[in-house]
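> With the sequence up front, the predicted model follows.
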Amino acid sequence: MKKLTFLFFFLLSSHFLFAQETSAYNNFKKWSYGITVGGTSNFRILTSDGSENFLKDDKNSTEIRRTSFTAGMVANYRITDVLSINSGLAYDELGFKTREQILSYSDGTNISASTAYHYRYVTAPLDLKYDFLKKICWNLYVGGGVSPAVFIGEATVFNYGGSKNNDSQPVGFDRFNFAGDLRAGADYWIADNIKLTAGLYYKQFLNATNSNLPTKAYLNSAGLTAGFIYMRRKKHK
């Protein structure tokens, strides 16, 4: 009996949430806003004009991905019940690091050493989002677009035997860049006007971050983001 009662209330609440969702877009304004944060895995693609192939090969053998984060504000404009334009502002810390090396000295001392490169950007993604599967109180989506990116700073962190030293020399970096984005994820209604959103994304810079150098770097980033979207309710006269 308890199981049947639980099932009844579960179905009743699901029906209520579904009714809320199917009618929600009629009750809310087209604009919605939110915040997102996430963890990222970052790297780069190198190209060379041929004169520095040895440098490209050396970097590819010694440099690896570096984890970091992204955080920002989002603004969504609904075109239809399943199609929307997503934009906003985000802070992205990109870059990569070198493999850890063991330095051996004549006195028998062994010290580990590595270098991490931090590249900081403010991005303004402009994506088209499509909700391809809508259920009772959640939906799945895919999306993609472009992200203008402004370079705002750089830091090189030297790790020598556990001691870290920073060096900042933002020379040779292009100020403005463009990246292409691909996204996929899910939205879940946690209240009648708030959605929890989570998804995977991949971002690839379309132009080099150091276009004046023979060996050019095209940054990329992949990660998982999550956040909350606030739906603005219409005022009924």
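Thanks, I have it. What you are looking at is a predicted structure, and each value in this text was computed from that prediction instead of being measured.
> quick one: least confident helix or strand in this structure?
Sorted by mean pLDDT, DSSP states H and E, the helices and strands of the chain end with helix 2-27, the least confident at a mean of 46.
> Which positions in the helix or strand harbouring residue 132 come out as buried?
According to DSSP states H and E, residue 132 maps onto strand 126-134. Residues of strand 126-134 classed as buried by neighbour count (16 or more other C-beta atoms under 10 Å): 127, 129, 131, 134. Every residue, glycine included, has its C-beta placed from N, CA and C.
> tilt between the helix or strand harbouring residue 181 and strand 126-134?
Residue 181 is part of strand 176-191 when elements are defined by DSSP H and E. Taking axes from the mean of the first three to the mean of the last three C-alpha atoms, to 10 degrees, one finds that strand 176-191 is oriented at 30 degrees with respect to strand 126-134.
> pLDDT on whatever helix or strand comes next after strand 176-191, on average?
Following strand 176-191 in sequence order, the next helix or strand is strand 194-205 (DSSP H and E). For strand 194-205, mean pLDDT is 97.
> Paired strands for strand 194-205, with orientation please.
strand 176-191 (antiparallel), strand 215-233 (antiparallel) (DSSP bridges).
> quick one: which of those strands is nearest residue 99?
strand 215-233 (17.3 Å; C-beta to C-beta).
> buried ones in that closest one?
If you call a residue buried by 16+ other C-beta under 10 Å, then strand 215-233 has these buried ones: 215, 216, 217, 218, 219, 220, 221, 223, 225, 227, 229, 231.
> do the same with stretch 92-105
92, 93, 94, 95, 96, 97, 98.
> quick one: contacts for the second one?
Looking back up the chat, that one is residue 93. 40, 42, 68, 69, 70, 118, 119, 120, 121 (C-beta atoms under 8 Å, 6 or more residues apart in numbering).
> Please apply the same query to the fourth one.
Under the criterion of C-beta under 8 Å, 6+ apart, the contact partners of residue 95 comprise 42, 66, 68, 116, 117, 118, 119, 219.
> List the buried residues in whichever strand or helix holds residue 151.
Element membership of residue 151, judged by DSSP H and E, is strand 138-160. Across strand 138-160, burial judged by 16+ other C-beta under 10 Å covers 139, 141, 143, 145, 146, 147, 149, 151, 154, 155, 157, 159.
> my read: the first one touches residue 184, true?
Right, residue 139. No. Between residue 139 and residue 184 there is no contact under C-beta atoms under 8 Å: 11.9 Å.
> Write down the beta-bridge partners of residue 117, one by one.
With DSSP bridges as the rule, residue 117 is bridged to residue 96, residue 156.
> tell me which residues of stretch 189-205 are tucked away?
For stretch 189-205, by 16+ other C-beta under 10 Å, it's 189, 193, 195, 196, 197, 199, 201, 202, 203, 204, 205.
> what bridges to the third one?
Okay, so that is residue 195. Beta-bridge partners, per DSSP bridges, of residue 195: residue 189, residue 229.
> check contacts around it.
34, 187, 188, 189, 228, 229, 231.
> And it, how close does it get to residue 34?
Separation of residue 195 from residue 34 (C-beta to C-beta, to the nearest Å): 8 Å.
> Likewise for the fourth one?
Plainly put, residue 196 is 10 Å away from residue 34 if you go by C-beta to C-beta.
> okay, and the common contacts of these two?
Shared contacts of residue 196 and residue 34, counting by C-beta under 8 Å, 6+ apart, come down to 227, 228, 229.
> Fine by me, we can end here.
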